[in-house]
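Student: Quick check, what structure comes out for this input:
(3 chains)
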Amino acid sequence: MLTLIYLIAITAEAMTGALAAGRRNMDIFGVTVIAFLTALGGGTVRDIVLGRYPIGWTQHPEYVLLVVAGGIAAVLAARFMRHLNRLFLVLDALGLVAFTIIGCDVALGMHYHPVIVVMAGMITGIAGGILRDVLCNRVPIVFRRELYASVSLLVAMLYLGLNLLNVPHDYNIAASFAFGLALRLTALWREWQLPVFAYRHDHH
Amino acid sequence: MLTLIYLIAITAEAMTGALAAGRRNMDIFGVTVIAFLTALGGGTVRDIVLGRYPIGWTQHPEYVLLVVAGGIAAVLAARFMRHLNRLFLVLDALGLVAFTIIGCDVALGMHYHPVIVVMAGMITGIAGGILRDVLCNRVPIVFRRELYASVSLLVAMLYLGLNLLNVPHDYNIAASFAFGLALRLTALWREWQLPVFAYRHDHH
Amino acid sequence: MLTLIYLIAITAEAMTGALAAGRRNMDIFGVTVIAFLTALGGGTVRDIVLGRYPIGWTQHPEYVLLVVAGGIAAVLAARFMRHLNRLFLVLDALGLVAFTIIGCDVALGMHYHPVIVVMAGMITGIAGGILRDVLCNRVPIVFRRELYASVSLLVAMLYLGLNLLNVPHDYNIAASFAFGLALRLTALWREWQLPVFAYRHDHH
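Tutor: Below you'll find the model as predicted:
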C-alpha cells in the first residue's frame, strides 16, 4: 500500500516541480530536472544524511523514468491545469504525508533516536520542495504557507508515537496518513497559518 | 573545553539563522529550520564530504533540541536584539572560529592531506552561513563581508601548522582560538575588507 | 588522455565560476569558493549520490590548488577576457563533455543501471554550474541556454551505447568527445534552443 502511495506521491511532486519551473520560463530540460529534484530530492537528502547507501532511486531506474514522464505530462497538461488545481493540491498533500511516513519508517529501521526519526520524516517530506524553490530562485514557499511543514512534523510525531505504543504497522500508516491528509486539507481550506516572525532591524 | 565552546557556538549560530529568517517574514517553522541549518549545516556538509558516518548530530539529538530552542529564543528576544547586537557579533565570531578548529580536528583524525584538513575546517566554519543565505534567497554574505571566511582560512592554517610542530593539543586550541577571535573582532571593529573583484562585462 | 582533458576542464570551469562571482562583486575569497564549487562540485555531488568514498578531490589536493589558481588567474586576466570570450566558451564546452564522460565512466565501474549511468554523467557535467548559479543568486543558466544540458544527455547516451556495443574504451572516449564538442559548439554558433515552457498562471 505504501508503495502505491509512494508512486502517486512522486508523480504528483514531479508535476508541482514542473509547474514551478514553467513559471520561470525554463526549457523542457530544466522542467525535467526540477521535477526530478522535487520528487526524489527529499529522499536523496534523507539517505545521504542517514548514510543509507545505495540511495533509493539509484536502485530503481523506473522511478526516474516515472518522474521524468510526470514532469513532461505536466508540461503538456498545463493549459488545462487551471481546472485541475484542486486535484493538484490534494495530490501534493498526499505526497507530503506519504513522504513523511516513509522517511520515519526508514530511520526507524536504522534504529535512530526518536528525535532523528522525526527529522528524517520531515526532511523526506519537505526537502524536495525546498530544492525546487531554491533552484527557481525564490524563498522556499514551505516556510511561508499555511501549515505545510507543521503538518509534516505532526504526522511524524503521531507515526512515531503509535509505533512506540506497538500499534500494528498497517493501522499506524493508515491512521497517520488519514490524520495528516485531513489536517493539511483543512489547513488549506481554512487558510490556517503560523504566526510570522517579522523582524525588520538590519543587524549583521 | 572544545565541547563547551561548541555548544555556545551552535546556539549562537542558530540565533543568527533565526534572525536572518525573521527578516524574510518566515513563520516560526521556517525560523527553526534555518536556525538548524545555520548551526548544524556546516558540520553536516563536512561529514558528508569526508564520508564520516553516522553524521554528528544524528547521534546527539540533544544538539538538535538545543538549536531549536536557540532559534525560538532568538525569536522571543528579537525585540531586545538591537541592544544585544554587539554580544551577538562576538558569539558569531566565536562560532566561526570554534567550528573551524573542530572541522580541522575531525579531518586530522581521519588522516586527510593538510590541504583537505584546511578545507574541512573552512567548510565547517562557513557552510552553515552559506546555507542560511541561499535559503533566505540572497548572495551569501560570507562572500562579501569584512574578513569573514579569510579568518576561517587563517585559523585553519595556524591550527594545522601548530599541530605539525607538535604543539600540545590544548595549547594549540587555545592559541588558534585566541588568534582567530582577536582577528575577527579587529576586522569587525576596523572594517577590514578584502578587495572586491568587480567585473562587469556580461559574457556567457 | 582523459586525465589531461579533466585537468583542462576543471581549470576552465573554475574560471567560469570566478567570472560569475566577479559579476556579483564578491571578494577574492568568494571568487575562489565559487571557482572551487563550479569545477569540483559536480564530481562531489556525483560521488555523494553514488556513495563513492573517499570523494575524488579529497585524495588529490593538487586539484584543489589547481582550481584555486585557475580562479585567481581568471580574476587577474578578467580585463582581457573580452577578447578571450570565444576561447573561453570552447573550454567550457570541453569541460561539459569531459565531465559527462568521466561521470558515466565512474558509474559504469560501480555497475549501476544504464539509466543511473546516464544520470551520473549529467550530474557530473552540469551540477557544478548549478551550484555556481544558486550561490550567485540567479536561476541556473543551464536551464535556459542553447542546448547545454541536452548535450550532456546525448553524450552520456552515446558513450553508454558504444560501451554496450563493446567499442574499445579509447575509441569510445574519442568518439563521444568529438560528437559532444561538435554538437555544443554548433549549438552555440547557431543558437539552437529547446522550446521554453512558459506557463504563467499562478497556482499553488
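
Student: Which residues are in contact with the residue in chain A positioned nearest to chain B?
Tutor: Per CB to the nearest CB, A:Phe143 is where chain A lies closest to chain B, at 2.9 Å. All C-beta atoms are positioned from the backbone trio N, CA, C, and that covers glycine. Applying CB atoms under 8 Å, 6 or more residues apart in numbering or on different chains to A:Phe143 gives the contacts A:149, B:21, B:24, B:26-27, B:29-30, B:33-34, B:135.

Student: Which one (most neighbours) among those?
Tutor: Ranked by neighbour count (other CB atoms under 10 Å in any protein chain shown), the contacts of A:Phe143 have B:Ala21 at the top, with 31 neighbours.

Student: so it sits in a helix?
Tutor: Yes: B:Ala21 sits within a helix when classified using DSSP: H, G, I helix; E, B strand; the rest coil.

Student: Surely it touches B:Val31?
Tutor: Yes: using CB atoms under 8 Å, B:Ala21 is in contact with B:Val31, at 4.4 Å.

Student: I'd like to know which of the contacts of A:Phe143 is nearest to chain C.
Tutor: Taking the contacts of A:Phe143 together and measuring to chain C by CB to the nearest CB, the closest member is B:Leu135, at 10.4 Å.

Student: for chain A, what's the longest helix?
Tutor: Longest helix of chain A, by residue count under DSSP state H: helix A:81-109.

Student: near chain B at all, it?
Tutor: No: on the criterion CB under 8 Å from any CB of the partner chain, helix A:81-109 is out of touch with chain B, staying 8.8 Å away.

Student: What residues of that helix count as buried?
Tutor: Buried residues in helix A:81-109, counted by 16 or more other CB atoms under 10 Å in any protein chain shown: A:81, A:88-89, A:91-108.

Student: what's the host helix or strand of A:Ala174 in contact with?
Tutor: For A:Ala174, the enclosing helix or strand under DSSP states H and E is helix A:169-190. With contact meaning CB under 8 Å, 6+ apart, helix A:169-190 is reached by A:1-2, A:5, A:89-90, A:93-94, A:96-98, A:100-101, A:146-148, A:151-152, A:154-155, A:158-159, A:162-163, A:167, A:192.

Student: among those, which are in reach of chain C?
Tutor: Near chain C, by the rule CB under 8 Å from any CB, you find A:Leu89 out of these.

Student: Around chain C, which positions in chain A sit nearby?
Tutor: Contact residues, chain A versus chain C (CB under 8 Å from any CB): A:18-19, A:21-31, A:33-34, A:44, A:48, A:53-55, A:58-59, A:61, A:64-65, A:75, A:78, A:81-82, A:85, A:88-89, A:134-137, A:141, A:145.

Student: Among the residues you listed, name the ones in helices.
Tutor: The helices, defined by DSSP H, take in A:18-19, A:21-23, A:28-31, A:33-34, A:44, A:48, A:61, A:64-65, A:75, A:81-82, A:85, A:88-89, A:134-135 from the residues of chain A next to chain C.

Student: Show me how far stretch A:158-169 is from its chain's centre.
Tutor: Relative to its parent chain, stretch A:158-169 has a centroid offset of 21 Å by CA atoms, centre = their mean, to the nearest Å.

Student: Number of residues surrounding A:Phe179?
Tutor: By other CB under 10 Å, 17 other residues sit near A:Phe179.

Student: quick revisit: out of the contacts of A:Phe143, which one has the weakest pLDDT?
Tutor: Confidence by pLDDT is poorest for B:Arg24 among the contacts of A:Phe143, given 73.

Student: Flag every buried residue along stretch A:55-65.
Tutor: In stretch A:55-65, counting by 16+ other CB under 10 Å, buried: A:55-58, A:61, A:63-64.

Student: Looking at the residues you listed, which is nearest B:Gly128?
Tutor: Distance ranking of those against B:Gly128, using CB to CB, places A:Ile55 first at 23.6 Å.

Student: I figured that closest one was touching C:Gly51, is that so?
Tutor: Yes: A:Ile55 lies in contact with C:Gly51 (CB under 8 Å); the separation is 6.9 Å.

Student: Quick check: which ranges of chain A have low pLDDT?
Tutor: A:79-85, A:141, A:144-146, A:193-204 (pLDDT under 70).

Student: what do you get if the cut-off is 90, keeping everything else the same?
Tutor: Residue ranges of chain A with pLDDT under 90: A:1-6, A:8-9, A:12-13, A:15-34, A:71-95, A:126, A:128-150, A:184-185, A:187-204.

Student: Name the residues of the helix or strand hosting A:Gly128 that are buried.
Tutor: Taking DSSP H and E as the criterion, A:Gly128 maps to helix A:114-135. Residues A:114-135 are the ones in helix A:114-135 that count as buried (16+ other CB under 10 Å).

Student: could you pick out which of those are near chain B?
Tutor: Here is what survives when those are matched to chain B using CB under 8 Å from any CB: A:114-116, A:119, A:130, A:134.

Student: Which pair in those residues has the greatest spatial separation?
Tutor: A:Pro114 and A:Val134 (28.9 Å).
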